[in-house]
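J.: predicted coordinates and the sequence they were generated for:
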Amino acid sequence: MVLNMSRLPISILLALTAVFGAEEPHQTLAIGSRAPDFSLPGIDGKMHKLSDYSSSKVLVIVFTCNHCPTAQLYENRIKKLDADYQGKGVALVAIQPNAPDAIRVSDELLYTDVTDDLEGMKIRAQYGNFSFPYLYDGDTQTVVEAYGPKATPHVFIFDDKRILRYEGRVDNNQREALVKIQDTRNAIDALLAGQPVPVEHTGVFGCSTKWKSKAATRVADLKKIEAEPVRPVEMASADDLKKLRQNPTGKLLMVNFWATWCGPCIHELAELEMTYIMYRRRDFEFVTVSANMPDEKAGVLKELERQHAISRNLMFGSEDTYAMQAAFDANWDSGVPFTMLIAPDGKVVYQKQGEVDFLELRRTILANLPDPAYVGHRAYWATGK
């Protein structure tokens, strides 16, 4: 029987974490070991088995994921590996190892548009034009346990007898321009030439594997978010909205205009709040503005509390709603919902009349957030791969 940790009460989960520790020891497959068998679902809707690749002289298995910024920066290199060795007897397979229920919202989704579930994998593969099989083992992690990847990406290379001859990194630098040692390519080339692999093992760099044993930390994270107070409703004047449009925050600012009587507004508000929670540890701010009449403040606050709106919350301080709209943006002459992303210099980088496409919105946010702590990540999203 497999214990579903995500269904346990938070008190029990935290107690288990305290007794057994947040992480369990997981051994990495040793050089010289035979490839553990697998049968995993892929993004193509098919089950993939180890035997499916038996005709290939070399098998490369890359454990990678969606949410990790290091993994994202390696996507093009993995695609190029697959393309460069097509027709040379090399099969490349990617496996997503992380348990989605073990990924914290508040500090582990800072650099991604989707999480690490199978649906997210399909979305990312389409966005990145993946040509290789991308398999999912986030639910049971039985295959991940057998191989023991430490981080994403982590490469395992097997010879024609499916004996492990190399495990470690793709290359020696997450910034492609600084790469000097092509460890994975060197290992593949050696095996194709019938030569010993020059370096059998290297360390790996990236986001650590998210084992199911971390489920308690995700639940605790969600409980902490739920405990945050809903911020009070501030009455905004026309001058306040003019200032808001100029973006005085010094951050990338998302502004959403909504109303309690607007069904589409209510439908998307919780997801907008979740988007704020995902990115707020970076230079990102979110402000909601209710287009309700001033005497409807109690109803506005009630809906914000129902939505658990922990962002800054404003509402029109005048009954002249047309004047209030014009104060924010003279070109905005329609209704709500209306969402705008404003750069720190006041430039509009995204706006949408009507419900937003959250993939488009989040990718635009990621393409415009500064990345002083992870140089190159912004470019990944700005160039669209």
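T.: Alright, I've got the coordinates.

J.: any weak-confidence spans in this structure?
T.: Along the chain, the parts satisfying pLDDT under 70 run over 1-24, 384-385.

J.: hmm, try it at 50
T.: The chain contains residues with pLDDT under 50 at 1-22.

J.: the protein: helices as residue ranges?
T.: 10-20, 69-84, 105-108, 118-128, 142-147, 183-192, 215-227, 238-246, 263-279, 297-307, 321-328, 358-368, 377-382 (DSSP state H).

J.: possible to save those as TSV with mean neighbour count?
T.: Using the backbone N, CA and C atoms, a C-beta is placed for each residue, glycine as well. Listed next are these as TSV, based on neighbours: other C-beta atoms under 10 Å:
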stretch	mean neighbour count
helix 10-20	13
helix 69-84	20
helix 105-108	16
helix 118-128	18
helix 142-147	19
helix 183-192	20
helix 215-227	16
helix 238-246	16
helix 263-279	19
helix 297-307	16
helix 321-328	17
helix 358-368	18
helix 377-382	17
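
J.: right, and these - which one's nearest residue 57?
T.: helix 183-192 (6.6 Å; C-beta to C-beta).

J.: centre of the chain versus the closest one, how much separation?
T.: On the basis of C-alpha atoms, centre = their mean, to the nearest Å, helix 183-192 sits 31 Å off its chain's mean C-alpha point.

J.: could you number the chain from 3 rather than 1 from now on?
T.: New numbering, starting at 3: the last item is helix 185-194.

J.: residues making contact with that helix?
T.: Outside of helix 185-194, the residues within contact range by C-beta atoms under 8 Å, 6 or more residues apart in numbering are 59-60, 62, 83, 87, 90-92, 157, 159, 161, 167-168, 170-174, 198-202, 204.

J.: now residue 99: how far from residue 142?
T.: 11 Å (C-beta to C-beta, to the nearest Å).

J.: neighbour count winner among those two?
T.: residue 99 (26 against 13; other C-beta atoms under 10 Å).

J.: check the gap between the nearest residue to residue 125 once chain neighbours are set aside and residue 322 for me.
T.: Leaving aside its chain neighbours, residue 125 sits nearest to residue 116 (5.2 Å; criterion: C-beta to C-beta, 6 or more residues apart in numbering). Using C-beta to C-beta, residue 116 is found at 41 Å from residue 322.

J.: which of those two has more neighbours?
T.: Counted by other C-beta under 10 Å, residue 116 and residue 322 do not tie: residue 116 has more neighbours, with 19 against 11.

J.: pretty sure that one sits against residue 127.
T.: No. Applying C-beta atoms under 8 Å as the test, residue 116 and residue 127 come out as separate, 10.5 Å apart.

J.: how close does residue 281 sit to residue 203?
T.: Residue 281 is 36 Å from residue 203, by C-beta to C-beta.

J.: roughly how far does the residue lying closest to residue 72 once chain neighbours are set aside sit from residue 229?
T.: Distances taken as C-beta to C-beta, 6+ apart put residue 208 closest to residue 72, at 3.7 Å, once the chain neighbours are dropped. Counting by C-beta to C-beta, the gap from residue 208 to residue 229 is 31 Å.

J.: with residue 80 instead?
T.: Distance of residue 80 to residue 229, given as C-beta to C-beta: 40 Å.

J.: same check on residue 345?
T.: 32 Å.

J.: dump the residue contacts of residue 228.
T.: Residue 228 makes contacts with residue 310, as judged by C-beta under 8 Å, 6+ apart.

J.: for residue 368, that is, sorry about that
T.: Counting by C-beta under 8 Å, 6+ apart, the residues that residue 368 touches are 113, 114, 115, 281, 379, 380, 383.
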